[in-house]
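In: What would the 3D arrangement of this be:
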Amino acid sequence: MARTQAPDYDDRRQAIADRASELFARMGFHRASISDLAEACGTSKSALYHYYSSKEAILFDILHDHTQLLLETAHGIAASDGDAVQRLRRLAESFMEIYMSSTAKHVVLLNEIGSLPDEQRREVVALQNQVVDIFLSLLVEIRPDLKNRPSLRKPVAMMFMGALNWTYTWFRQGGAVSPAQFAGMVVDLFASGLPAMPLPETTNTPDTLAAADVGTVEAGSERRTARP
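Out: The predicted structure is shown next:
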């Protein structure tokens, strides 16, 4: 007879994922063991395996759910009222809020996506690409001639997102600048500077552009994952 699922099954899985994200952010995925996680959760290894089949399954849940939250947030704001700068400002502010409230998950996303099995990694990267595309669509509205410069669109999007993504390495809440204020500073810098920024000449051909675009995402995800 199949074991009946407890009413709080999903809540307990979420609690395990939350503890695991803190552990993976602090120790690194490969250094943190199931025993470490069981100790952090105040339970046994066998209890953990009741909720997750493997450490990789926990990592996938953390990264997939966090990236899905970012994507849903980005979709909602991109479809809302306002010009590109207004929507970009709301988007940056919302992402900073998520980054600050879910710092451990954000750190794990940036640093550990390469630890996923290939199929799961590709699934999370596909979600990340959709997030980048939403940011990019707003930046193109601010600098329309980027439509005709395909090789420069991704670098511009990643330049903007990099200003937000890596704040966990230095930003501290309670300082002189709030997360929303910092997000506004980044948006103001791009809104004022992007239209006037000289675009460099590139030598990429259309055929190599598509490959380079995909390669940037995949390699970046495995090496240092400068992604949302």
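In: what residue ranges in this protein score low on pLDDT?
Out: 1-6, 203-228 (pLDDT under 70).
In: Show me the helices in it, by range?
Out: Per DSSP state H, the chain has helices spanning 9-27, 34-41, 45-51, 55-78, 84-101, 103-112, 118-142, 150-165, 179-193, 206-223. These are given in chain order.
In: Could you provide the ones you listed in JSON lines, with additional columns for mean neighbour count?
Out: Every residue, glycine included, has its C-beta placed from N, CA and C. Converted to JSON lines, the helices of the chain look like this (neighbours: other CB atoms under 10 Å):
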{"stretch": "helix 9-27", "mean neighbour count": "18"}
{"stretch": "helix 34-41", "mean neighbour count": "17"}
{"stretch": "helix 45-51", "mean neighbour count": "15"}
{"stretch": "helix 55-78", "mean neighbour count": "19"}
{"stretch": "helix 84-101", "mean neighbour count": "20"}
{"stretch": "helix 103-112", "mean neighbour count": "21"}
{"stretch": "helix 118-142", "mean neighbour count": "18"}
{"stretch": "helix 150-165", "mean neighbour count": "18"}
{"stretch": "helix 179-193", "mean neighbour count": "17"}
{"stretch": "helix 206-223", "mean neighbour count": "13"}
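In: out of these, nearest to Q173?
Out: When the helices of the chain are compared by CB to CB, helix 84-101 sits nearest Q173, at 5.9 Å.
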